[in-house]
Structures are given as C-alpha cells and as structure tokens.
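> starting from these lines, generate the structure:
(one chain, ligands or ions: 2)
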Amino acid sequence: MRLDEALDLIAEVPDFPEPGVLFRDLSPLFADGAGFAAVADALAGTLAPDAELVAGVEARGFLLAAAVGYSRGLGVVLVRKPGKLPAVAGRVDYSLEYGTASVELPAGVVRAGQRIAVLDDVLATGGTVAATGKLLEDAGAVVTGVSVVLELAALGGRAGLGGRSVHALRSV
Ligand SMILES: O=P(O)(O)OC[C@H]1O[C@H](OP(=O)(O)OP(=O)(O)O)[C@H](O)[C@@H]1O
Ligand SMILES: Nc1ncnc2[nH]cnc12
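Ligands and ions are numbered 1, 2, ... in the order given. The predicted structure follows:
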C-alpha cells in the first residue's frame, strides 16, 4: 500500500475525548496489515543512521516503536505512564491538548551517551515528546530525533521542540 493511502486510514473523531477536540484515531491504520507496514517502513526510514535504541511512548507509540525497532534491529525503550514500572529512573510531568500527564523511564535500561530515536503516533502540543526527550536526556542519553505519523501543525508542537530533528509522515 502507498504511504498516502495508509495515512488516509486515520479516522477523525469530533469531540473526543472532550468537546472541541478533533481526535485522530489510528486504530483503523493499525488494524490494516498493509497500511501498518507502509507506515512502519516509512518511520524506520526517518531514523538517524546512528540511532542505537528507539523509545516508544505509551500507549500508541509502543506499537510503532516495536515495529520500527524490529525492522531496524534495535531495542525498544518503553516510556510509560505513571504507576506501571517497578523501578523508575526518572519522571517528567507535562500538559496535553486534553489534560495533564506524566512519563516515566524504567530503571537500568538507558546508558549514558546512548543515541535514542523517539517515536509516537501524534505530535499535537508537543508536550509528550518534549517530556520524553527531557526524560531521556536526564538519564544521560542523546535524542537523535523525533518521528511521528501525524503532526497537528496548528497546535505548534514542533516550535516547542527547539532544535530537535522532527519527522512527520503527514502534517495537517
Ligand atoms: O503532543 P501532545 O499534545 O503531547 O499529544 C500527543 C500525545 O497524545 C496522545 O497520547 P495520549 O496521552 O492520549 O495516550 P495514549 O497513547 O495512551 O492514547 C498521543 O498518542 C501522543 O502521545
Ligand atoms: N487530536 C488528537 N488526536 C489524537 N491524539 C492526540 N493527542 C493529542 N491530541 C490528539
């Protein structure tokens, strides 16, 4: 399947999870084998050649990080929502388009100096990716770049990520 056809599988759901938010639901894309493969391959192609690990943000980012990590022969760091990890290396709190959230890094997974690519499904305000970058850098890692399927440009997330290298398969 062509990448643009795959990206067209993303559904738009008005007023979820709260009034005024147009929610981009990747469920139909993930459920389509050819579409998921097209997107995973395209994301894999955006990684810096020297990336040593991929970090996926819970929950939808996990799917993408797993697929890309597997295809590139790289391990995956699970950046988790609070309360899931038995041993935590660090935590960063942030704001979302709809509410607040936190991300945590498992202890003993990231080594100082390791080069890590961050993967997620949607870049909206950029809060999640910014928090994830800080979390990884606080642990001594180097963030090689950020790759997402869909960028919601009107929310200005990219601008808030400073000089980071940001790849979006589609920007709307
Ligand atoms: O750029 P931002 O404004 O931070 O928004 C983007 C984040 O919001 C969504 O996650 P959500 O917290 O809804 O979690 P989920 O993946 O568990 O559904 C999405 O998967 C991104 O991680
Ligand atoms: N509008 C949106 N759709 C899907 N995921 C999101 N994360 C933040 N805003 C979002």
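> residue 62 and residue 120: what is the separation?
Using CB to CB, to the nearest Å, we find residue 62 at a distance of 10 Å from residue 120. Using the backbone N, CA and C atoms, a C-beta is placed for each residue, glycine as well.
> quick one: common contacting residues for these two?
Common neighbours of residue 62 and residue 120, counting by CB atoms under 8 Å, 6 or more residues apart in numbering, are residue 56.
> neighbour-wise, which of those two wins?
Set side by side, residue 62 and residue 120 show more neighbours around residue 120, with 24 against 18, by other CB atoms under 10 Å.
> state the pLDDT value of that one.
Looking at residue 120, its pLDDT reads 98.
> go on, residue 32?
For residue 32, pLDDT reads 98.
> nearest residue to it in space, please, no chain neighbours.
Distances taken as CB to CB, 6 or more residues apart in numbering place residue 9 nearest to residue 32, at 5.6 Å, with adjacent residues excluded.
> cool, and residue 59?
Distances taken as CB to CB, 6+ apart place residue 81 nearest to residue 59, at 7.8 Å, with adjacent residues excluded.
> is it true that that neighbour touches residue 100?
No. The pair residue 81 / residue 100 is not scored as a contact, 11.5 Å apart, by CB atoms under 8 Å.
> alongside ligand 2, which residues does this protein contribute?
Residues of the chain lying close to ligand 2 by CB under 6 Å from any ligand atom are 21, 22, 23, 24, 96, 97, 122, 124, 152.
> how much space separates residue 121 from residue 43?
10 Å.
> any shared contact partners between those two?
64, 149.
> show me the strands in this structure, by range?
11-14, 22-25, 53-57, 75-79, 88-96, 99-106, 115-123, 142-151, 166-171 (DSSP state E).
> which stretch among those comes nearest residue 32?
The closest of the strands of the chain to residue 32 is strand 11-14. By CB to CB, the value is 11.7 Å.
> report the contact partners of residue 15.
Applying CB under 8 Å, 6+ apart, we find residue 15 in contact with residue 21.
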